[in-house]
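# take this sequence and fold it.
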Amino acid sequence: MKKILSTAPGRVCLFGDHQDYLELPVIACAIACMMQINAQENGKDHFEINMPDMDQQRTIPLKPDFDKIERGDFLKIALKVLHKRQIVPDKGYDLTITSKIPINAGLSSSSALTIAWIQFLIAAFSDQSFSQKELALLAYQTEVIEEGSSGGKMDQFTIAIGDTIFLDTHTDRVQQFDDLDLNLVVGVSGLSKDTFGTLTHLKSNAWKAINQVKTQIPGFDIASTTVNDLNKNMEWVETSLKPFFYAAVCNHDITQRALKVLEQEHLNTQILGELMNEHHHLLKSYLKITPPLIDKMINAANDTGALGSKIVGSGGGGCMVAIVQEQNKNQIIEAIKATGANNAFAVSITKGATLK
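Numbering: from 1, shown residues only. The predicted structure follows:
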């Protein structure tokens, strides 16, 4: 009986939160918290899926009814997406899905599962060859296009490709930084979040603001505007939408500056941390996506010597990340835990999705 092991990492956005759905660039890294699918042929006409971490089991027929898929059922949606590529299951498997990625915490456990699942399906039922970028686009189609979601491409590209990447979400151009010497600590708040609702709200308001400027300035492009143009462009944005426009322009500028730091021969983590703090200020004060507990966690990390900290993910709950130095890593972890956080731990940057 054929056995397949498909794994995919979690991800942390370092710069560019709430930018990918505006087709602006992001900088993110894959982290060594893994989603793992152990699969073995079972001689049946269905998939039997066991998820012990969540105490859940489910059965999926090899050919489910694609007209009756519940929202967010990415396992079935992926089967639909791959069916269009002539990748059609013809034998059943028993699958055990385990994960070290905190669920609904901003570390992209859902995209990790989608990518590990698609990777398994390709290995089990196709002779076609897919690059890591193509794998990312299949996951993006599954999670965003088929769902009509407000999300972007950051999660899928970061998890599939791995390491640290600069992603131009408009052209899909990827600049990869392998073996980046960066010490990271993740703090898990334990607060649940409404990813879909938050993304829809922020994306809608950002595009409304951008389109108000476009109406007044023919040919206006959010990707090419600069902070020097803010004052004249903000004149055309209604008051309630100004924070969203301001954050979009300034966060784009921060991401571009962070890219220049990464491109230097010697990584200046001090400057990178300062840029991370600058980024978080916009997420907190303009997009207003940080709950009080995560503010406390970030303040605790910075007060204990972190070089920079920010919220991770859509916001409203979830996680934060800090750039730290090796010598004070443990003190920062304890300081974050002391705020009442659910957990805090060091993470290393890792490779992308793998198959055995």
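# so where do the helices sit in the stretch 101-250 of the chain?
109-125, 132-140, 154-161, 195-216, 230-234, 242-262 (DSSP state H, counting those that start in this stretch).
# mind checking the longest strand of the chain?
When the chain is parsed with DSSP state E, its longest strand is strand 26-41.
# next, the angle from it to helix 242-262.
Interaxial angle of strand 26-41 relative to helix 242-262 (axes from the mean of the first three to the mean of the last three C-alpha atoms, to 10 degrees): 80 degrees.
# may I have strand 26-41 exported as PDB, CA atoms only?
Only the C-alpha atoms of strand 26-41 are listed here, as PDB (Å, rounded to 0.1, in the frame of the first residue of the first chain):
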ATOM      1  CA  VAL A  26       4.800  41.800   1.200                       C
ATOM      2  CA  ILE A  27       7.700  40.300   3.100                       C
ATOM      3  CA  ALA A  28       7.000  37.100   4.900                       C
ATOM      4  CA  CYS A  29       8.800  33.900   6.100                       C
ATOM      5  CA  ALA A  30       7.900  30.300   6.600                       C
ATOM      6  CA  ILE A  31       8.400  29.100  10.200                       C
ATOM      7  CA  ALA A  32       9.200  25.600  11.500                       C
ATOM      8  CA  CYS A  33       5.700  24.900  12.900                       C
ATOM      9  CA  MET A  34       4.500  22.200  10.600                       C
ATOM     10  CA  MET A  35       1.300  20.800   9.300                       C
ATOM     11  CA  GLN A  36       1.700  17.200   8.400                       C
ATOM     12  CA  ILE A  37      -0.400  14.700   6.400                       C
ATOM     13  CA  ASN A  38       0.400  11.000   6.800                       C
ATOM     14  CA  ALA A  39      -1.500   9.100   4.100                       C
ATOM     15  CA  GLN A  40      -1.800   5.400   3.200                       C
ATOM     16  CA  GLU A  41      -3.900   3.600   0.600                       C
END
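# using PDB, write down the CA coordinates of the next helix or strand after that strand.
Downstream of strand 26-41, the next assigned helix or strand under DSSP states H and E is strand 46-51. Only the C-alpha atoms of strand 46-51 are listed here, as PDB (Å, rounded to 0.1, in the frame of the first residue of the first chain):
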ATOM      1  CA  HIS A  46     -13.200   7.400   0.000                       C
ATOM      2  CA  PHE A  47     -10.800   9.300   2.100                       C
ATOM      3  CA  GLU A  48     -10.900   8.600   5.800                       C
ATOM      4  CA  ILE A  49      -9.400  11.600   7.600                       C
ATOM      5  CA  ASN A  50      -8.400  11.700  11.300                       C
ATOM      6  CA  MET A  51      -7.500  15.000  12.900                       C
END
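# returning to that earlier point: and the helices of the stretch 101-250 of the chain, which one's lowest on average pLDDT?
Here the lowest mean pLDDT among these goes to helix 195-216, at a mean of 88.
# who touches that helix?
Where contact means C-beta atoms under 8 Å, 6 or more residues apart in numbering, the residues beyond helix 195-216 that reach it are 18, 21-22, 104, 149-151, 220, 222, 233, 236-238, 241-242, 244-245, 247-248, 287, 289, 313-316. (Each C-beta comes from the backbone N, C-alpha and C, glycine too.)
# Val186 versus Val12, what's the distance?
According to C-beta to C-beta, to the nearest Å, Val12 stands 7 Å off from Val186.
# what touches both of the two?
31, 107, 312, 321, 347.
# save the residues you listed as a markdown table, and put in neighbour count and distance to Ile69 too.
Formatted as a markdown table, the shared contacts of Val12 and Val186 follow (neighbours: other C-beta atoms under 10 Å; distance: C-beta to C-beta, whole Å):
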| residue | neighbour count | distance to Ile69 |
| --- | --- | --- |
| Ile31 | 24 | 30 |
| Leu107 | 28 | 25 |
| Val312 | 27 | 29 |
| Val321 | 28 | 33 |
| Val347 | 20 | 33 |
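# for stretch 312-325, the distance to its chain's centre please.
Distance, stretch centre to chain centre, for stretch 312-325: 11 Å (C-alpha atoms, centre = their mean, to the nearest Å).
# and what of stretch 91-100?
Between the centre of stretch 91-100 and the centre of its chain there are 23 Å (C-alpha atoms, centre = their mean).
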